[in-house]
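Participant: sequence and predicted structure, then a few things I'm wondering about:
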Amino acid sequence: MLYLEVLDIYAAFLNALILSEIYIQLPKSYTNSINSKDIFWKLLKALYGLSESPRAIYEDISTFLKYHEYKIAIADPCWFYKFEDSEFIFIVIHVDDMAIASNSRRLIQTLHNQLRLKYKIVVSSIVTSF
């Protein structure tokens, strides 16, 4: 039997560190006693809408999965897999979503437990599309 599910990493953009130096200007609505036109913030983590964010999220998630002994497929860097005896699990990552296929409920539950140590995840056991 093959088990399929999709999960979302909640607020993944807020977990991923930005590796390059990116500065943003304060929003116009920000009020302060000093001139806000001259104030910039250095981003430490990814934000929604920032072009570097999807790459930062991928780096964060792939580093996490590699640490837990998942291998990256040669054909596609968004495809991870693990084999344990006759059991297998395949994971496809698209930004902050994952499609999971496995012949083992145990491997899926282990993945959930590992992910919950670092991320808040939302699991959908009904796969309609990905």
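Facilitator: Arrived safely.
Participant: in this structure, where is pLDDT below threshold?
Facilitator: Counting by pLDDT under 70, the ranges of the chain that qualify are 28, 30-38, 125-130.
Participant: in the longest helix anywhere in it, which residues are buried?
Facilitator: In the chain, with assignment by DSSP state H, the single longest helix is helix 53-67. By neighbour count on 16 or more other CB atoms under 10 Å, the buried set for helix 53-67 is 53-58, 60-62, 64-65. C-betas here are computed from N, CA, C, even on glycine.
Participant: may I ask which two of these are separated the most?
Facilitator: 53 and 65 (18.5 Å; CB to CB).
Participant: got the residue ranges for the helices in this protein?
Facilitator: For the chain, the helices defined by DSSP H cover 53-67, 105-116.
Participant: next, format those as CSV and append distance to residue 79.
Facilitator: Compiled in CSV, the helices of the chain are given as follows (distance: least, CB to CB, whole Å):
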stretch, distance to residue 79
helix 53-67, 11
helix 105-116, 14
